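> quick one: sequence plus predicted model below, questions after.
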Amino acid sequence: KAGVTQTPRYLIKTRGQQVTLSCSPISGHRSVSWYQQTPGQGLQFLFEYFSETQRNKGNFPGRFSGRQFSNSRSEMNVSTLELGDSALYLCASSPGLTSNYEQYFGPGTRLTVT
Amino acid sequence: AQTVTQSQPEMSVQEAETVTLSCTYDTSENNYYLFWYKQPPSRQMILVIRQEAYKQQNATENRFSVNFQKAAKSFSLKISDSQLGDTAMYFCAFINAGNNRKLIWGLGTSLAVNP
């Protein structure tokens, strides 16, 4: 099976702009989670989508949002970008069933806000 | 509070030797899952090993094994016969069981395998 893919891999944006990141999970996986990784805060959970519904949400401002499509692909959007949003954004794919909690990660999108 | 503590920010080991990475965690839940992930310089996060909290037997995956002490909330990773390709950041993480995929992460241990 193909792994988790994320596009784009690198992105440079200016403060105040908005950005959309995309994630395609492993075929058959229904859960997609998003994480932000920074040197100072480490890895932090943003949100999880399962069958097109947001199932869990982390402690991030409303500028961070996401959605999931019927084919399980997910997008996350960050509006009104701030310098502190510069980070590696990781997407993780999981079957989503209570019998399997393993998450498989994509290569990440490196976002730089200037 | 649900937290993961990795007390060793950096470690090094000689090729072919054994190294143990420490991890302690805190959760009030009884049913949870523990993981070790590896992130090499490529930044690709790779699942190394997992442990179900309800299982007493320690998980093993080839050269990787864990020492799971539930009462002490300790979950250490042992890497045997270290290889140069094991050089990476290693993250300890857990998930509480249920309709939840929120991984709680430690800050990581940077492991360098020296030739």
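Good, I have the coordinates. Residues are numbered from 1 along each chain as shown, chains lettered A, B, ... in the order given.
> residues in contact with the residue nearest the centre of chain A?
With distances taken as CA atoms, centre = their mean, chain A has residue A:34 as the residue nearest its mean C-alpha position (3.1 Å). Going by CB atoms under 8 Å, 6 or more residues apart in numbering or on different chains, residue A:34 touches A:23, A:45-48, A:66, A:74, A:76, A:89-92. Just so you know, the C-beta spots here come from the backbone N, C-alpha and C atoms, and that holds for glycine as well.
> list the buried residues in the helix or strand containing it.
Assigned by DSSP states H and E, residue A:34 belongs to strand A:31-38. Residues A:31-37 are the ones in strand A:31-38 that count as buried (16 or more other CB atoms under 10 Å in any protein chain shown).
> the residue nearest to the centre of chain A - nearest residue in space that isn't next to it in sequence?
residue A:46 (4.1 Å; CB to CB, 6 or more residues apart in numbering or on different chains).
> ok, the strand or helix carrying that neighbour: who's next to it in the sheet?
Per DSSP H and E, residue A:46 falls inside strand A:42-50. Partners of strand A:42-50 in the sheet, by DSSP bridges, are strand A:31-38 (antiparallel), strand A:53-57 (antiparallel).
> quick one: mean pLDDT for the shortest one?
Taken as a whole, strand A:53-57 carries a mean pLDDT of 92.
> likewise for the first one?
Along strand A:31-38, the predicted local confidence has a mean pLDDT of 96.
> gap between it and the chain center?
4 Å (CA atoms, centre = their mean, to the nearest Å).
> tell me where the model's unsure across chain B.
Applying pLDDT under 70 to chain B picks out residues B:99.
> again, only using 80
B:1, B:98-100 (pLDDT under 80).
> what does it put close to chain A?
Selection of chain B residues close to chain A by CB under 8 Å from any CB of the partner chain yields B:33, B:35, B:37, B:42-47, B:50, B:91, B:93, B:95, B:97-108.
> from the residues you listed, list just the buried residues.
Judged by 16+ other CB under 10 Å, buried ones among the residues of chain B next to chain A: B:33, B:35, B:37, B:44-45, B:47, B:50, B:91, B:93, B:95, B:100-108.
> among the residues you listed, which are in strands?
Under the assignment DSSP state E, those contribute B:33, B:35, B:37, B:47, B:50, B:91, B:93, B:95, B:104-105 to strands.
> in a markdown table, list those residues along with distance to residue B:26.
Output for these, formatted as a markdown table (distance: CB to CB, whole Å):
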| residue | distance to residue B:26 |
| --- | --- |
| B:33 | 15 |
| B:35 | 16 |
| B:37 | 19 |
| B:47 | 22 |
| B:50 | 19 |
| B:91 | 16 |
| B:93 | 13 |
| B:95 | 14 |
| B:104 | 9 |
| B:105 | 13 |
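> which of those residues sit farthest apart?
Comparing all pairs in these by CB to CB, the longest separation belongs to B:47 and B:104, at 15.6 Å.
> list the buried residues in the helix or strand of chain A with the lowest mean pLDDT.
One helix or strand of chain A scores below all others by mean pLDDT, DSSP states H and E: strand A:53-57, with a mean of 92. Judged by neighbour count (16+ other CB under 10 Å), strand A:53-57 contains these buried residues: A:55-56.
> how far off centre is that strand?
Strand A:53-57 has its C-alpha centroid displaced from the chain centroid by 12 Å (CA atoms, centre = their mean).
> how about the residue nearest the centre of chain B: what's its closest non-neighbour residue?
Nearest to the mean C-alpha position of chain B, counting by CA atoms, centre = their mean, stands residue B:36 at 3.1 Å. Nearest non-adjacent residue to residue B:36, counting by CB to CB, 6+ apart: residue B:48, 4.4 Å away.
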